[in-house]
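Visitor: Sequence plus the predicted model coming up.
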Amino acid sequence: MNLSRRTLLKAGLGALAVPAVAACNNGAAARGDGEIIYWLWDSAQLPMYTECAKVFHQQNPQYSVKIEQYGWNDYWSKLVTGFISNTAPDVFTGHSSKYPLFADKGQVLPIDEYVKRDNVDLGIYQKGLADRWIGADGNRYGLPKDWDTEVYFYNSAFTEAAGISTEQLNSMTWNPRDGGSFEQIIRRLTVDTKGRRGDQPGFDKENVKVYGLGYADAGGGDGQTSWSWYAASNGWKYSEGEPWGTKFFYGDPKFTDTIAWWRGLITKGLMPTYAQAKSGVDVTTSFGAGKYGMTPNGSWMLGTYGQLKQVKTKLARLPVGPIGKRMSMMNGLADTIWAGTTRRDASWAWVKFLGSQTAQDIVAKAGVVFPAVAASMPLARAAFAKNGWDVTPFLEPVEDGNVFPYPANPNAADVTAVMTPAMESVMSFEADPTSLAKANADVNKILAANA
């Protein structure tokens with residue numbers, strides 16, 4: 001979501017109070033009491049949730065589900081409009097960066113009483129996922145539906161041509177001084193227009209044909225698919241009170257040193273400039289066109305990379321950092337209920353079903369995302385393997401406990417409004433990484449003012 005939309009979202013919700021129960025939300029007069037409107041943003045997941053809706057109706061004939069899918073940007077703006085106009089969907093897919101603000105404004109329904117009443121077993125989910133949906137107020141606002149981590153997607157034809165083995169790729173190390181073996185591999189994968197590699201004499205960093213490393217953006221305040229694992233494996237954390245940031249640390253030398261090294265890959269010609277990265281062609285398309293040797297991304301992108309038939313793509317682990325571990329952000333989505341719905345019982349029945357192993361098995365078999373229910377994971381692994389993916393690099397950080405949460409708080413939009421331009425300025429060489437200390441001070445002022 002771009003900055004203007006994030007700001008608009010925060011501004012729109014800023015005017016909201018706890019919603020009055022809408023007499024006609026989403027055209028209530030035109031549909032029965034048991035018809036639920038459900039929103040999601042990922043078109044790749046629409047088929048599997050359509051199947052879930054069919055099974056749910058078979059098991060609960062008194063209820064039916066109408067699914068509506070919107071792209072990421074439109075999804076959130078339409079949702080806020082729905083909150084304001086009392087036309088929001090009964091149930092919608094929630095993101096950990098968004099629900100804290102919605103909860104703060106009373107727009108999502110706490111489900112604690114339903115969970116207790118129906119004896120919902122929260123132990124069936126991957127460790128930590130269920131608690132991720134307990135807000136700062138101690139209330140639970142959703143049941144987990146899936147989860148994700150990050151790895152490197154690499155062009156195996158390029159690594160083979162460079163003489164880089166699978167073992168080398170999966171045992172990379174990293175540090176902010178010389179980049180470790182990770183930087184050596186990136187250097188080896190980089191090729192200039194005359195065919196010279198980044199580790200060979202005469203390499204022309206001003207005329208690069210293939211960059212060793214591609215990236216999508218400057219990362220804003222979370223860096224989920226750009227720099228988060230480097231910083232975490234350097235011993236940095238986003239804030240006190242993780243994941244509920246009460247005081248952020250973007251000015252910490254562990255962070256600024258990490259960003260200085262990462263930006264330095266541009267100076268060395270091993271990574272495209274920020275202008276090139278944001279030229280209008282997304283990172284996966286550029287990777288598919290043979291512009292990058294490897295690109296970091298999340299597990300939700302497996303389907304997209306799988307469609308890049310012109311390249312043979314494989315997965316590599318994230319590098320081990322100075323703390324001696326490879327770290328990955330672990331995030332996950334959940335299904336949440338709009339506080340203004342007139343169909344609370346029906347909505348809860350749908351949310352409970354989506355959080356069950358029955359629904360999660362349907363999700364797993366689709367081979368699109370990792371299901372939140374741990375017992376459904378073997379089905380997912382088999383589905384991904386059928387599509388040619390060995391997803392082990394995504395799973396290992398979770399199994400080893402080397403994960404950290406997506407930073408979240410009700411002021412996330414304000415944090416983003418500060419950190420996005422700050423990071424873009426750094427990556428564009430308009431500002432030094434030390435300038436992030438000023439951005440951090442601005443973030444903490446906002447948090448203090450809204451405390």
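Guide: Cool, got the structure.

Visitor: C-alpha from now on. contacts and neighbour counts both.
Guide: Will do.

Visitor: ok, and the closest non-adjacent residue to F255?
Guide: With sequence-adjacent residues excluded and distances taken as CA to CA, 6 or more residues apart in numbering, F255 is closest to A231, at 5.7 Å.

Visitor: Tell me which helix or strand that neighbour sits in.
Guide: Using DSSP states H and E, A231 sits in helix 228-232.

Visitor: roughly how far apart are E35 and G355?
Guide: Using CA to CA, to the nearest Å, one gets 19 Å for the distance from E35 to G355.

Visitor: and these two? which has more neighbours close in?
Guide: For E35 versus G355, the count of surrounding residues by other CA atoms under 10 Å is larger for G355: 26 against 18.

Visitor: Could you pull up the contacting residues of the more buried one?
Guide: The contact partners of G355, taken as CA atoms under 8 Å, 6 or more residues apart in numbering, are L143, P144, K145, A372, V373.

Visitor: same thing but at 6 Å, please
Guide: With contacts taken as CA atoms under 6 Å, 6 or more residues apart in numbering, G355 has the following neighbours: L143, K145.

Visitor: For it, give me phi and psi.
Guide: Dihedral pair for G355: phi -90, psi 0, per degrees, to the nearest 10.

Visitor: S328 too?
Guide: Per-residue torsions, S328: phi -140, psi 140 (degrees, to the nearest 10).

Visitor: Contacts only, for it.
Guide: Residues touching S328, when contacts are defined by CA under 6 Å, 6+ apart, comprise T149, W229, V403.

Visitor: how does it look with 10 Å?
Guide: Taking CA atoms under 10 Å, 6 or more residues apart in numbering as the contact definition, S328 lies against 148-151, 224-225, 228-230, 232-233, 298, 317-319, 394, 396-398, 401-405.

Visitor: Pull out the buried members of those.
Guide: Restricting those to buried positions leaves 148-151, 224-225, 228-230, 232-233, 298, 317-319, 394, 396-398, 402-405, with burial counted as 16 or more other CA atoms under 10 Å.

Visitor: Now go through these and say which are in strands.
Guide: Counting by DSSP state E, the part of these found in strands is E150, V151, G298, V403, F404, P405.

Visitor: ok, these vs T304, which is closest?
Guide: When these are compared for distance to T304 (CA to CA), G298 comes out closest, at 10.8 Å.

Visitor: Any regions of the protein where pLDDT drops low?
Guide: Regions of the chain meeting the criterion pLDDT under 70 cover residues 1-31.

Visitor: and if we set it to 50?
Guide: In the predicted model of the chain, residues 1-11, 15, 17-24, 27-29 satisfy pLDDT under 50.

Visitor: For E206, what are phi and psi?
Guide: Reported as degrees, to the nearest 10, the phi and psi values for E206 are phi -90, psi -10.

Visitor: So it sits against D192, correct?
Guide: Yes - at 8.2 Å, E206 counts as touching D192 under the criterion of CA atoms under 10 Å.

Visitor: Spit out the residues that contact these two alike.
Guide: Looking at what touches both E206 and D192 (by CA under 10 Å, 6+ apart), the common residues are G269.

Visitor: With Y211 as the reference, measure out to G34.
Guide: Here the criterion is CA to CA. By it, G34 lies 54 Å from Y211.

Visitor: and the nearest residue to A277 once chain neighbours are set aside, which of the three is it?
Guide: In this structure, A277 finds its nearest non-sequential neighbour in A216, 6.2 Å apart by CA to CA, 6+ apart. Using DSSP: H, G, I helix; E, B strand; the rest coil as the criterion, the local structure at A216 reads coil.

Visitor: Was I right to think A216 contacts N297?
Guide: Yes - using CA under 10 Å, A216 makes contact with N297 at a distance of 8.9 Å.

Visitor: residue boundaries of the helices in the stretch 51-200 of the chain?
Guide: Assigned by DSSP state H, counting those that start in this stretch, the helices in the stretch 51-200 of the chain fall at 72-85, 99-104, 112-117, 156-161, 166-169, 180-189.

Visitor: Reformat those as CSV; add mean neighbour count and distance to Q45.
Guide: As requested, the helices of the stretch 51-200 of the chain are arranged in CSV below (neighbours: other CA atoms under 10 Å; distance: least, CA to CA, whole Å):
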stretch, mean neighbour count, distance to Q45
helix 72-85, 17, 13
helix 99-104, 23, 20
helix 112-117, 13, 25
helix 156-161, 16, 28
helix 166-169, 14, 31
helix 180-189, 21, 33
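
Visitor: Can you tell me which of these is nearest to A334?
Guide: In terms of CA to CA, the element of the helices of the stretch 51-200 of the chain nearest to A334 is helix 99-104, at 9.7 Å.

Visitor: which residues are in contact with the closest one?
Guide: Contacts of helix 99-104 from elsewhere in the structure, counted by CA under 10 Å, 6+ apart, are 9-10, 13-14, 16-18, 80, 83, 93-94, 105-110, 133-137, 139-142, 244, 334, 336, 338-339, 408-413.

Visitor: The closest residue in space to Q107 that isn't next to it in sequence: neighbour count?
Guide: In space, and not counting its chain neighbours, Q107 is closest to A339: 5.1 Å by CA to CA, 6+ apart. Counted with other CA under 10 Å, the burial measure for A339 works out to 24 neighbours.

Visitor: Check the contact between A339 and G82; I expect there is one.
Guide: No - under the criterion of CA under 10 Å, A339 is not in contact with G82, lying 11.7 Å apart.

Visitor: Overlap of the contact sets of these two?
Guide: The overlap between the contact sets of A339 and G82 (CA under 10 Å, 6+ apart) consists of A88.

Visitor: For the stretch 351-451 of the chain, just list every one of the strands.
Guide: Listed from the start of the chain, the stretch 351-451 of the chain has strands (DSSP state E, counting those that start in this stretch) covering 370-371, 403-405.

Visitor: right, so of those strands, which gets closest to G220?
Guide: Comparing the strands of the stretch 351-451 of the chain by their distance to G220 (CA to CA), the top pick is strand 403-405, with 15.7 Å.

Visitor: Partner strands of the closest one and their direction?
Guide: When sheet partners are counted by DSSP bridges, strand 403-405 sits next to strand 328-330 (parallel).
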